[in-house]
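Novice: Here is a sequence with its predicted model. Questions after.
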Amino acid sequence: MKNYIIILSALLTGALFCEAQTVNDGLLYGQQDDLYGTARYRALSGAFGALGGDLTAMGQNPAGSAIFSNHYASFSLGYTKENNTGNYFGSGIDSDDSDFNFNQFGGVLVFKSTQDNLLSKFAVGLNYDTTRLYDDNTIFAGTSDTSVSQYFLNNANGFTLDNFTVMNGETISGLYQFLGEQVGFDAQQGFLGYESFVIDAVDNNDPNNVQYISNTGTGTFTQSNQIQSSGTQGKTSFNIAGQFADKWSIGLNLNGHFIDYSRFTSFREVNSNADAITTDVQLDNRLDVEGTGFSFQLGAIGNLTESLRIGATYESPTWYNIDETLTQEIFTTRIENGTFEPANVRPNVINIYPTYDLRSPGSLTGSIAYIFGTSGLISFDYSTKDYSQLEFEPNVDQNFDNNNAFINENLQRANTIRLGGEYRVDRLTLRGGYRMVESPYEDKSIADDLTGFSLGLGYNWGNTTLDLSYDYSERSYSQQLFETGLTNRGLISNETNNVILSLGFNF
């Protein structure tokens, strides 16, 4: 008979939420530091806040649509390659992933006043951008003196043995599901560790036993962790803007966001310790995420002189509604009577977690640009975003309270600078840019600043434009293995390369 006192306690403390909803995941969904959009926008590293006249730039500063001189539409194709070097206790492994994608399409209609009105131009636009590609592959491996059994021990200790014992008439799947629905994620992890012989009870004959021991022995442990992710995150912007007296442009964006994300994590540990019963452990987790969100932007662009422009944008927080599911499997090998015996624990249960809300912080951007007649331009943007305002809801959940407390203590305001320029030679335009995005973490060993540069060129046939860009960025960050027990971190050095081709039409 299960211990219903523990079950009731778990329910009252809100343990039904799994630790899938971490601060890192909140940042993953809400931190838009990737460069995205049209080739021209990316070639200038996104320094478009005071320029406008580009569909992705319209999504950055909504006043930018009023800069177009005529109706315009474009679409963009991209190639992305991610290179990662994982380092774990001095051992390095390289991995990579690449993907082709259809990452931008949209259009804007521009209506000019035929009379001498204050409103000299009016624009309505619609644009879609893929704001993040999740396709990536990361591996790190090395030797540690802490076993994954500590993760299972930390989750199992305190629960009575009868919660982990498959009784007559029960199944592994049924008990795993029962624990997830009625007790919590930590009890599920304790059950997986016990059923796969990674841990054992101090007294296997006492159903009220609440203490557990490791079966992986003492010594060193060869460990590897692979993370394969896929999916996209996108933004659709409905835009409206007006230009007044041929000098000031003001615009509004209403943005719809979506998240489609999958992450497969496979952790493996092998040991040859003399006192070990279990010598090989592989724990697989698959997280699937779907989300929708809403935000808005207000922006302005002003022509101070014929050559000098300034811009300003306020972007609201993004309010996400997120659904997550998780599946788990564990495979082990143990020594029993001198032979190696496998244990494969496959609950075949999808953990469906309650929908939760995530609010990512808003931002402010100031921009300035100088236009050298018809020969070229230079542009600069400065943005700031306070990541300590990232928030998980509902606040009644203990796990979310812990996440929000961590955010308040460890995340900070992060600034972004973007610099770009272009030079025109007849119908050909040469472009380049640089950007730096500060880390949202106060401790930069968790995630360092991102730096990148970009190059590009464009050709204008009048009614048709063709743009090509290349951009590169790099950032180092650390990946923690588990939330408890085995909390070692692997250091990841990431390099991202993008090639974008955009085709535009004036009509």
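Specialist: That came in fine, so what should we check first?

Novice: Identify the residues contacting stretch 332-342?
Specialist: Identification of contacts with stretch 332-342 by CB atoms under 8 Å, 6 or more residues apart in numbering yields 196-198, 215, 276-282, 331, 343, 345. In this view, the C-beta of every residue, glycine as well, is placed from N, C-alpha and C.

Novice: Quick check: buried residues in that stretch?
Specialist: 332-334 (16 or more other CB atoms under 10 Å).

Novice: between these, which is nearest residue 387?
Specialist: residue 332 (39.2 Å; CB to CB).

Novice: in which helix or strand would I find the closest one?
Specialist: strand 318-336 (DSSP states H and E).

Novice: after that strand, next one along is what?
Specialist: strand 339-345.

Novice: hmm, back to that, what about the contacts of stretch 332-342, which are in helices?
Specialist: With helices taken from DSSP state H, there is no overlap with the contacts of stretch 332-342.

Novice: from those, which ones fall inside strands?
Specialist: Among the contacts of stretch 332-342, the members falling in strands (DSSP state E) are 278-282, 331, 343, 345.

Novice: among these, which ones are buried?
Specialist: 278-282, 331, 343, 345.

Novice: that older thread, in the ones in strands among the contacts of stretch 332-342, find the pair that's most separated.
Specialist: Farthest pair in the ones in strands among the contacts of stretch 332-342, by CB to CB: 279 and 345, 16.4 Å.

Novice: In three-state terms, label residue 69 for me.
Specialist: coil (DSSP: H, G, I helix; E, B strand; the rest coil).

Novice: And for residue 40?
Specialist: Going by three-state DSSP: residue 40 is helix.

Novice: Give me the secondary structure label for the nearest residue to it once chain neighbours are set aside.
Specialist: Leaving out its chain neighbours, the residue that sits closest to residue 40 by CB to CB, 6 or more residues apart in numbering is residue 467, at 4.7 Å. Here residue 467 is strand, with the state taken from three-state DSSP.

Novice: What is the neighbour count of residue 467?
Specialist: Residues within reach of residue 467, counting by other CB atoms under 10 Å, total 25.

Novice: How about the one 10 residues further on?
Specialist: Other residues near residue 477 come to 19 when the count uses other CB under 10 Å.

Novice: Please enumerate the helices of this protein.
Specialist: So, for the chain - with DSSP H - the helices run 4-12, 23-30, 39-43, 55-60, 149-156, 172-182, 185-195, 398-410.

Novice: quick one: the strands in the stretch 351-500 of the chain?
Specialist: Using DSSP state E, counting those that start in this stretch, the strands of the stretch 351-500 of the chain run over 351-352, 356-360, 363-372, 376-386, 391-393, 413-425, 428-437, 450-460, 464-480, 489-506.

Novice: can you check the stretch 201-350 of the chain too?
Specialist: Counting by DSSP E, counting those that start in this stretch, the strands of the stretch 201-350 of the chain are 212-214, 221-244, 248-270, 278-303, 308-315, 318-336, 339-345.

Novice: Could you list the buried residues of the second one?
Specialist: By neighbour count, with 16+ other CB under 10 Å as the criterion, the buried positions of strand 221-244 are 221, 223-237, 239-243.

Novice: next one: the first one
Specialist: Residues 212, 214 are the ones in strand 212-214 that count as buried (16+ other CB under 10 Å).

Novice: correct me, but residue 331 touches residue 343?
Specialist: Yes. In this structure, residue 331 is within contact of residue 343 by CB atoms under 8 Å, at 7.3 Å.

Novice: any residues in contact with both of the two?
Specialist: residue 196.

Novice: give me the low-pLDDT residue ranges for the chain?
Specialist: 1-20, 395-397 (pLDDT under 70).

Novice: What is the nearest of the buried residues of stretch 332-342 to residue 309?
Specialist: Taking these together and measuring to residue 309 by CB to CB, the closest member is residue 332, at 63.8 Å.

Novice: gap between the closest one and residue 279?
Specialist: Applying CB to CB, to the nearest Å, the value for residue 332 to residue 279 is 8 Å.

Novice: Residue 423 versus residue 301, what's the distance?
Specialist: 22 Å.

Novice: Neighbour count: the two, which is higher?
Specialist: residue 301 (29 against 14).

Novice: quick one: contacts for the more buried one?
Specialist: 49-52, 61, 63-64, 66-67, 248-249, 309-311.

Novice: cool, residue 216 as well?
Specialist: Applying CB under 8 Å, 6+ apart, the residues near residue 216 are 147-149, 198, 269, 271, 273, 276-279, 281.

Novice: before we move on, the earlier item: among the strands of the stretch 201-350 of the chain, which is nearest residue 372?
Specialist: Going by CB to CB, the one of these nearest residue 372 is strand 308-315, 11.0 Å.

Novice: I would like the residues contacting the closest one, please.
Specialist: By CB under 8 Å, 6+ apart, strand 308-315 touches 49-52, 60-63, 295-304, 362-371.

Novice: one more time with 6 Å, if that's ok
Specialist: When contacts are defined by CB atoms under 6 Å, 6 or more residues apart in numbering, strand 308-315 is touched by residues 49-50, 61, 297-303, 362-370.

Novice: quick one on the thing from earlier: which of the strands of the stretch 351-500 of the chain sits closest to residue 107?
Specialist: The nearest among the strands of the stretch 351-500 of the chain, by CB to CB, is strand 489-506 at 8.5 Å.

Novice: other SSEs contacting the closest one?
Specialist: Counting contacts by 3 or more CB pairs under 6 Å, 6 or more residues apart in numbering; DSSP states H and E, strand 489-506 is packed against helix 39-43, strand 72-88, strand 464-480.
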